[in-house]
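Engineer: got a predicted structure here, sequence first:
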Amino acid sequence: MKAHTLSGMWLCTAIAIWATSLPGSSAQGPESTPDKYIEQIFRSQIGEVPRMGWFVRFTGTSAQFVAAEKHATLVLYSTFGMPSTATGYKPVSSDEHREMKRYFGEACEVEQSNALAAYDIAAELVPAERALYTVKKLPGETRSGLITIPLSTNEISTVNRLLGWPQQGISLRRDEAIAVRPNSFYYSFHRLYDPTSGELRQEAIVLHDKNHGVLAHDLRTLDGPPCDGCGIPRYVDGGGYYLLNLFEFPGFSYPVLLLNTSTVEGRALSLKTFTPARKFAEFRMYEYVVHCG
């Protein structure tokens, strides 16, 4: 399955995919500082934080997941529709290591790791190059999915007042909303572009409850390129960050977004959500890909 494109930070294409679930039950997590919230919830639940590994298909084999750890099973957080576990590791051989380095180019973690293990993921093809993983499963129920939530005229008007955006007149913008499942919390994504140049000026994520009430938001103004070597996202751009999945995790107050937040200098995966006090929180795993070795 192909990931849906985000040009910049938030969603810019509609998504209509049904949700899947794993058995268990949800729970409310403790409050924390926003910059450590996601990390601390994972640590309090299972004593570890997510790490990043690679999807590969070595010559003559089916698709596998490679990590720099050896365990009986790994729990995967990846693109919607991908397997959620990896099992039965075997050491990565020297030839396979060289094959990985050729495939991933200048991926520093691949270059430096000498203890890689390949896991079976029961899949022939993979749509992503990387995923987050943990050894332990979060206790309780984890749901994942991506469904489109229609935004009414009244909801757009409420968002405009919230963000200080114009209610009328000429504007260039994108507005979308997604959820894991119906009748639950959902996120709406809003992007305002310069009507002349088409360049992104502001973007926001808004958290809603099941009754369409606004609970929290995060608004960011783009004063220049978002990273070294990056261009300013434009309305017509098809590239940028990718939304991979949306989760309802035990211990988290609100759904957690999984995004591919890679740049020209590094490959990164991010988890984003709001704290119980409705402050925006992010956890990012980053792999530098320039001037390795």
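Structural biologist: Structure received. Residues are numbered from 1 along each chain as shown.

Engineer: strands along the stretch 1-150 of the chain, start to end?
Structural biologist: 4-5, 20-21, 51-56, 64-67, 73-77, 85-91, 117-120, 130-134, 143-144, 147-148 (DSSP state E, counting those that start in this stretch).

Engineer: out of those, which comes closest to Leu243?
Structural biologist: strand 4-5 (5.4 Å; Cβ to Cβ). (Glycine included, C-beta is placed from N, CA and C.)

Engineer: run through the stretch 151-293 of the chain and note the low-pLDDT ranges.
Structural biologist: Residues of the stretch 151-293 of the chain meeting the criterion pLDDT under 70: 228-229, 238-241, 293.

Engineer: start to end distance for stretch 48-65?
Structural biologist: 19 Å (Cα to Cα, to the nearest Å).

Engineer: for it, which positions count as buried?
Structural biologist: Residues of stretch 48-65 classed as buried by neighbour count (16 or more other Cβ atoms under 10 Å): 49-56, 58, 63-65.

Engineer: quick one on the thing from earlier: mind putting the strands of the stretch 1-150 of the chain in TSV, distance to Ser270 and mean pLDDT included?
Structural biologist: Shown next, in TSV, are these (distance: least, Cβ to Cβ, whole Å; pLDDT from 0 to 100):
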stretch	distance to Ser270	mean pLDDT
strand 4-5	15	32
strand 20-21	21	32
strand 51-56	11	93
strand 64-67	19	94
strand 73-77	11	96
strand 85-91	21	94
strand 117-120	23	94
strand 130-134	9	96
strand 143-144	16	95
strand 147-148	21	96
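
Engineer: could you export these as TSV, including distance to Pro166?
Structural biologist: As requested, the strands of the stretch 1-150 of the chain are exported to TSV (distance: least, Cβ to Cβ, whole Å):
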stretch	distance to Pro166
strand 4-5	26
strand 20-21	39
strand 51-56	40
strand 64-67	47
strand 73-77	38
strand 85-91	48
strand 117-120	51
strand 130-134	38
strand 143-144	36
strand 147-148	25
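
Engineer: tell me which of those lies nearest to Val110.
Structural biologist: That would be strand 51-56 among the strands of the stretch 1-150 of the chain, by Cβ to Cβ, at 7.0 Å.

Engineer: what angle separates that closest one from strand 130-134?
Structural biologist: 130 degrees (axes from the mean of the first three to the mean of the last three Cα atoms, to 10 degrees).

Engineer: tilt between strand 51-56 and strand 73-77?
Structural biologist: Using the same axes, to 10 degrees: strand 51-56 against strand 73-77 is 90 degrees.

Engineer: pull the residues that contact strand 51-56.
Structural biologist: 63-69, 74, 78, 96, 99-100, 103-104, 107, 109-110, 118, 121, 126, 128-134, 269, 285, 287 (Cβ atoms under 8 Å, 6 or more residues apart in numbering).

Engineer: next, the distance between the ends of stretch 150-169.
Structural biologist: Stretch 150-169 has its terminal residues 22 Å apart, counting by Cα to Cα.

Engineer: that stretch: which residues count as buried?
Structural biologist: For stretch 150-169, by 16+ other Cβ under 10 Å, it's 151, 155, 158-160, 165.

Engineer: just stretch 268-276 next, same as before
Structural biologist: For stretch 268-276, by 16+ other Cβ under 10 Å, it's 268-275.

Engineer: nothing else from me, thank you.
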